[in-house]
Structures are given as C-alpha cells and as structure tokens.
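S.K.: no FASTA, just this:
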C-alpha cells in the first residue's frame, strides 16, 4: 500500500503539516508514516557526546511519536494506519533513505513562517529536500488545512516536456481527487507569437496529458515568477505542481524578494516532483 511520509520535529508548523498529511491519507486510502530524525549536536571538544544522550533523545522521540499517533488515530476515527519511525542522522538524507524502503505516495513537509520561514525555505531543509529527495514533495504553508484538492495547477516552461513531465503522478492525483488541471505555460517570450520550439513542445504536452482535459493559461514576461503565485491565489488552487529539473522552474519562481514575500503569505501548497 502507498504511504504518505510526514516528517516532524514536533513544532507547530510540522504538526500542522502532519494533520494535513493525515487528512490526505484518509482521502487517498494510503498509510501514514510519522518520521522524526534525531540530529545530535557536533562536539567541538575532545569530549564526545555521551552515548546515553543519543539513546535518551531517541527514546523521547519515540514516546512523542506514539502520543502523536494516538491523537491522529482518535481524530481520524481509527480509519488510518499510522506508522512511527525514529532515525538518527541528517534530516533529508534519512527521509530519502526511509522513502526508498516504502511505496511513497508523497512526502509532506511544513514550511516555517515569518523570519524563520525564509531561512528555512531558501537556505535550509526545504530547498535541500527539493534538490535531494527522489519522491514527490508537498510543502504545506503554515495554518493551511487539508479539505480536498479540486483545482491543481501545473507550472511548465514547455521545454523537454516528454522527458520531464511526470505524467503518471499528475494523472494519478487528478483522477484520485476528480480535480481540474490548469497548465500554466511560463515563458520569458514577449509578444503574441511563440517560437517554433514552444509550439512543438506544446503539441507534445497536449498529446501526453490531453485526456485530462486541462485548461491552459499563458504567463509571459520577465515577472512570470510573481504571476504564477498570484494566479495560484487568485484562482484558489488547492495545489501548485512544479517540476524540479536542471533548469529549475522552482528556483526561478523563488529567486527574488517579491516572490519570497508572496510565498510567505501564500495559502497554496506547492508540490515538487522530480
């Protein structure tokens, strides 16, 4: 059975994303794995960190996960199978290693807000997860609750669509939720005429996702990154899908301070798919 993996450090932000993951798991009939990674502080003296300290930290984490497991079982009426996993090491690496051992539906992580969020998103674990995780990753903004996913946006630059668009994952999610798919064609091209390459790639995209009856939207110009977020909020998207690849649209969207400000106040979860 597929599993939604919800890493948590027991902060309010991560607990909110855990609840989001639990509600999504109920709708998708998947299992939920609560994962906590114990990161031990480095010792800068000749005295090593005592072994019992790590053991105590691991034991405390296991107890807190069990309490969280019980709370989720109660709020979901026992309809959801919840697993608990405690690991020690580097957070993103341990998430990735665990995911390799299960049938992953998605990894669901919280994104910190205010000052911490910017450090977290643009220089911390979320960007690290985007770069390193081989699994679909959903980043949940603070205080966003899962209700349903009816409107899905796919931000696409119409380059190498056959090799880079994760058709299987997108179709699965659209069909799972009975959602409407919006394709956001993001381009720096100016004017009404598209390049031959863009026209050809759009034809390939229509061929591989046309059966989902997507609605196309065209976002052009140098401020395209800002307008993606504005579109998502204005059209009340429940999920914005971004493809992580070498020429990374995700990086482009969050490259300037204005985009960062929009994301800080955004209520649209972002799904990054390799």
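M.R.: Everything's here; your move. On a predicted model such as this, the values are computed, not experimentally measured, just so you know.
S.K.: Residues contacting the host helix or strand of residue 271, please?
M.R.: Per DSSP states H and E, residue 271 falls inside strand 270-273. For strand 270-273, the surrounding residues in contact (C-beta atoms under 8 Å, 6 or more residues apart in numbering) are 106, 130, 136-139, 166, 169-170, 239-244, 250. The way it works is simple: take the backbone N, C-alpha and C, and place the C-beta from them, glycine included.
S.K.: Quick one: distance of that strand to the chain centre.
M.R.: Here the centre of strand 270-273 is set off from its chain's centre by 4 Å, with C-alpha atoms, centre = their mean, to the nearest Å.
S.K.: cool, stretch 143-152 as well?
M.R.: In terms of C-alpha atoms, centre = their mean, the gap separating the centre of stretch 143-152 from the centre of its chain is 13 Å.
S.K.: mind listing the helices for the stretch 151-274 of the chain?
M.R.: For the stretch 151-274 of the chain, applying DSSP state H, counting those that start in this stretch gives helices covering 161-164, 167-177, 196-209, 224-234, 249-253, 257-264.
S.K.: Name the spans of the stretch 101-250 of the chain whose pLDDT lies under the cut-off.
M.R.: For the stretch 101-250 of the chain, applying pLDDT under 70 flags the ranges 112-124, 126-127, 158, 188-196, 198-199, 221-225, 245-250.
S.K.: all strands of it, in order?
M.R.: Assigned by DSSP state E, counting those that start in this stretch, the stretch 101-250 of the chain shows strands spanning 104-110, 137-140, 151-156, 180-187, 215-220, 239-243.
S.K.: Could you say which one of those strands comes nearest to residue 30?
M.R.: When the strands of the stretch 101-250 of the chain are compared by C-beta to C-beta, strand 104-110 sits nearest residue 30, at 4.9 Å.
S.K.: neighbouring strands for the closest one, and are they parallel or not?
M.R.: According to DSSP bridges, strand 104-110 has the following sheet partners: strand 3-7 (parallel), strand 137-140 (parallel).
S.K.: sorry, back to before: tell me the mean pLDDT over the strand holding residue 271?
M.R.: Averaged across strand 270-273, the pLDDT comes to 86.
S.K.: Contact partners for residue 5?
M.R.: 21, 33, 35, 95, 98, 99, 102, 104, 106, 107, 108, 135.
S.K.: Show me what it bridges to in the sheet.
M.R.: According to DSSP bridges, the residues that bridge with residue 5 are residue 33, residue 107.
S.K.: Distance-wise, check it relative to residue 34.
M.R.: Between residue 5 and residue 34 the distance, using C-beta to C-beta, to the nearest Å, works out to 9 Å.
S.K.: pLDDT score assigned to residue 28?
M.R.: You'll see residue 28 listed with a pLDDT of 93.
S.K.: Looks like it contacts residue 105 (just checking).
M.R.: Yes. Between residue 28 and residue 105 there is a contact under C-beta atoms under 8 Å: 6.4 Å.
S.K.: Which pLDDT value goes with residue 50?
M.R.: At residue 50, pLDDT is 61.
S.K.: now residue 42
M.R.: 49.
S.K.: Looking at the strands of the stretch 101-250 of the chain, which one is packed in the most?
M.R.: The densest packing among the strands of the stretch 101-250 of the chain, expressed as mean neighbour count by mean count of other C-beta atoms under 10 Å, is seen in strand 104-110 with a mean of 26.
S.K.: hmm, back to that, mutual contacts of residue 28 and residue 105, please.
M.R.: By C-beta under 8 Å, 6+ apart, the residues touching both residue 28 and residue 105 are 2, 4.
S.K.: Quick check: the gap between residue 163 and residue 107.
M.R.: Residue 163 is 23 Å from residue 107, where distance means C-beta to C-beta.
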